[in-house]
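Asks: Take this sequence and fold it.
(2 chains)
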Amino acid sequence: MSWRVATLVERNRETATAHTLVLDVPDWAGHDAGQHVDVRLTAPDGYSAVRSYSIANAAQGNRLELTIEELADGEVSPYLSEELTPGDPVEIRGPIGGWFIWRPAQTEPVQLIAGGSGIVPLMAMIRQRASSGSAAVFRLLYSVRSPQSIIYENELAQRARNEAGLGVMFAYTRSAPEGWPRAPQRIDAALLGETAFAATIQPSCYVCGPTPFVEAAANLLIAAGHDADRIKTERFGPSAGGS
Amino acid sequence: MSEEKIVSRGFTGRRAAHTEKLPPGQYVTPDFPVLSATPTPHVPLDRWEFTVTTEDGTLARRWNWEAFRALPAVAITTDIHCVTRWSKFDTVWEGVTIDTLLDGVQTSAQFVMARSYGGYTTNLPLADLRGGKAWVAFRYSDKDLEPEHGGPARLLVPHLYFWKSAKWVTGLTLMADDEPGFWERLGYNMYGDPWREQRYTGD
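Replies: As a prediction, this is how the structure comes out:
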C-alpha cells in the first residue's frame, strides 16, 4: 500500500482536545465507514512517525475527515492539532481495516457503543447511513466524561431529531448535565438494558473506545444475551490509540 | 521503501532510545495495550483443550489443561512488536515450546493455521514455529495470563508481528498450502516480519 500526499483544507475544533482535519486526497477511491488511515510525519533529517486515525466522514469524493484527540504527551497528535496549517501537505495511506466496518448493504439493526473518542468510526457509520439513504435502524450509546467532551454534539442532536430510525443516547461518567436523570456512572447492565437494543432484536454491535470501556461494554452485551458473533470491537490502549 | 518522503514543516519528532532493538516504524511503550476484534472469550480451565490436527485431518494430539500444564515449560524473555506500531521490550512469559507440542507428529506440512476460542485464526509457516522460536504461553509477568491478554493460553511468536501470536489459542492445524487467517483475509500481510515492515498485503 503506497503513501499519498493529502492537503489540509481546514481544521475544526470539536472539543477542548479534539479537532477534525479535513483533507483533500487526489484520486481517493473512497472507504468504508469504520476504516482508518495511517498518517506519516517526517522531520527534515528523514525521521518519520506514523500513527493510525479513524476516518470520520462518509465516502465523499476526495474529501477525508479525521477527528484526532490531542494527547498532551503525544508525538504526532499535537502537531496535527496545532501546527499543520491549511494548504500543508501530509502523507497518508489507506483505507485500512476490513473488519470493523458498516456497509449500506447491511439491513439489520445496528447498536453502536462509543467511549470517548471511540465515537469517530461510529460517526462515520451514522453519516454513511444517512448519505446512502439506508433504512437500517441505528442506536448509539455514547459514554463521555462530561457534556463538554461530546464530539459532534450539535450534529448528533440534529441527526437524532431529523433522521428516522436513528436513536442517540448519552451516558456520563464524571459529570452530567443539570437535570440529567442519572448520577454520573460507568456503563452497567441497567444502563445498557435501558438504552441499547435488546438481544432479541439481534443487532450487529460495534463497540469502540479505550480498552477497559470496550472490555466492560462487550462483556455486558454478552451477559445480556447478545451473540459474540455479532459484536465487533475496536480498542485502543493507553498508547495504542495514536499519539 | 525507496519513495521520497514529504518533510512536515516544523516537525521534529522523538527518536526512540534502543533503536537497534526497535523495528522500523515502531515506538516503545511501557504499557501492554489490548487489541482484539471481538469480545474476550472466557474459557473455563475444565473445558479448555489444545489439539494438533495434521494436514489430512487426523487429530494427532489433544491435551486438557492438566495434561498441558504437565508438559515441560520454559521461561521466555522477549521483545514484542504490534502492527499498530507499539513495541514492548523484555516481556517475560512462561510457556511450552511448539517443538514439544509437535514432538513425534508425522507431517510434511509447510504451514500452520492457529485456531482460537472465539473463532480467530492466523496462518504461519511451520518453520517459524519450530526450533525454540514459538510457544503456547500461559503466564505473563509471573502471573497467570489474563483473559484480555489471551488467557488461559496464547500463541507466542515474538519474531513476527503480534497478531500472529493468537490469543485464546486452542489448537494448530497443519496445512500443505498456505491459507490466510482472520486478519490476513482482511488486508494484513501473510507473513508479518516486523523488521521488513510487512504490515499489509503486498508490503
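Asks: Any figure for the gap between A:Ala16 and A:Trp3?
Replies: Between A:Ala16 and A:Trp3 the distance is 31 Å, computed by Cβ to Cβ, to the nearest Å. For glycine as for every other residue, the C-beta is placed from the backbone atoms N, C-alpha and C.
Asks: neighbour count winner among the two?
Replies: Looking at A:Ala16 and A:Trp3 with other Cβ atoms under 10 Å in any protein chain shown, you find the greater number of neighbours at A:Trp3, namely 19 against 8.
Asks: Over to the more buried one: give its phi and psi.
Replies: A:Trp3 has phi and psi values of phi -80, psi 150 when expressed as degrees, to the nearest 10.
Asks: Let me see the ranges of the helices in the chain.
Replies: Assuming you mean chain A. Shown for chain A, the helices assigned by DSSP state H span residues A:77-78, A:119-131, A:153-162, A:189-195, A:211-223.
Asks: You answered for a different chain; I wanted chain B.
Replies: Along chain B, counting by DSSP H, helices occupy B:65-69, B:98-102.
Asks: For A:Ala49, find the nearest of these.
Replies: Taking Cβ to Cβ as the measure, the helices of chain B were each checked against A:Ala49, and helix B:98-102 came out nearest at 34.9 Å.
Asks: residues of that closest one that come out buried?
Replies: Of the residues in helix B:98-102, those scored as buried under the neighbour-count criterion (16 or more other Cβ atoms under 10 Å in any protein chain shown) are B:98, B:101-102.
Asks: Please apply the same query to stretch A:147-154.
Replies: For stretch A:147-154, burial by neighbour count (16+ other Cβ under 10 Å) applies to A:149-153.
Asks: Could you do stretch B:52-62 as well?
Replies: Residues of stretch B:52-62 classed as buried: B:52-55, B:60-61 (neighbour count, 16+ other Cβ under 10 Å).
Asks: From A:Glu82, how far off is the residue lying closest to A:Val50 once chain neighbours are set aside?
Replies: Using Cβ to Cβ, 6 or more residues apart in numbering or on different chains and skipping residues adjacent in sequence, the residue nearest A:Val50 is A:Arg40, 4.7 Å away. With distances defined as Cβ to Cβ, the gap from A:Arg40 to A:Glu82 amounts to 18 Å.
Asks: Tell me which of those two has more neighbours.
Replies: Between A:Arg40 and A:Glu82, A:Arg40 has the larger neighbour count (other Cβ under 10 Å), namely 18 against 12.
Asks: surely the more buried one meets A:Ser48?
Replies: Yes. A:Arg40 is in contact with A:Ser48 according to Cβ atoms under 8 Å; the separation is 5.5 Å.
Asks: quick revisit: Serialize the buried residues of stretch A:147-154 to a markdown table and add fields for distance to chain B and pLDDT.
Replies: Written out in a markdown table, the entries for the buried residues of stretch A:147-154 read as follows (distance: Cβ to the nearest Cβ, whole Å; pLDDT from 0 to 100):
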| residue | distance to chain B | pLDDT |
| --- | --- | --- |
| A:Ser149 | 22 | 95 |
| A:Ile150 | 25 | 97 |
| A:Ile151 | 22 | 97 |
| A:Tyr152 | 24 | 98 |
| A:Glu153 | 28 | 97 |
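Asks: now, which of those sits nearest A:Arg159?
Replies: After measuring those against A:Arg159 - Cβ to Cβ - the closest member comes out as A:Tyr152, at 8.9 Å.
Asks: Hmm, that closest one is touching A:Asn12, no?
Replies: No. Using Cβ under 8 Å, A:Tyr152 makes no contact with A:Asn12, being 10.6 Å away.
Asks: For A:Tyr142, give me its contacts.
Replies: Residues counted as contacts of A:Tyr142 (Cβ atoms under 8 Å, 6 or more residues apart in numbering or on different chains) are A:114, A:119, A:150, A:156, A:168-171.
Asks: pLDDT score for A:Ala49?
Replies: In this prediction, A:Ala49 carries a pLDDT score of 91.
Asks: And B:Lys167, by the same measure?
Replies: At B:Lys167, the pLDDT recorded in the model is 96.
Asks: That one: how many residues sit nearby?
Replies: Other residues lying near B:Lys167 total 27 when counted by other Cβ under 10 Å.
Asks: All the strands of chain B, in order from the start?
Replies: Counting by DSSP state E, residue ranges of the strands within chain B are B:27-28, B:49-53, B:59-64, B:74-81, B:86-97, B:111-116, B:121-125, B:135-140, B:143-144, B:154-156, B:169-175.
Asks: closest one to B:Glu197 among those strands?
Replies: Closest among these, using Cβ to Cβ: strand B:74-81, at 10.2 Å.
Asks: touching chain A at all, the closest one?
Replies: No. Using Cβ under 8 Å from any Cβ of the partner chain, strand B:74-81 never reaches chain A; the gap is at least 12.4 Å.
Asks: which residues does the spatially most central residue of chain B contact?
Replies: With distances taken as Cα atoms, centre = their mean, the residue of chain B nearest its centroid is B:Ser165 (1.1 Å). The contact partners of B:Ser165, by Cβ under 8 Å, 6+ apart, come to B:80, B:150, B:154-158.
Asks: Which of those ranks first by neighbour count?
Replies: The member of these surrounded by the most neighbours (other Cβ under 10 Å) is B:Leu156, with 28 neighbours in all.
Asks: just to revisit the earlier point, any idea how far B:Gly171 is from the residue nearest to the centre of chain B?
Replies: Taking Cβ to Cβ as the measure, B:Ser165 falls 15 Å from B:Gly171.
Asks: Contacts only, for the nearest residue to A:Asn62 once chain neighbours are set aside.
Replies: If you skip the residues right next to it in sequence, A:Asn62 has A:Trp28 as its closest partner in space, 4.8 Å away by Cβ to Cβ, 6+ apart. Listed by Cβ under 8 Å, 6+ apart, the contact partners of A:Trp28 are A:61-64.
Asks: before we move on, the earlier item: out of the buried residues of stretch B:52-62, flag the one nearest to chain A.
Replies: Of all these, B:Thr53 has the smallest distance to chain A: 22.6 Å, by Cβ to the nearest Cβ.
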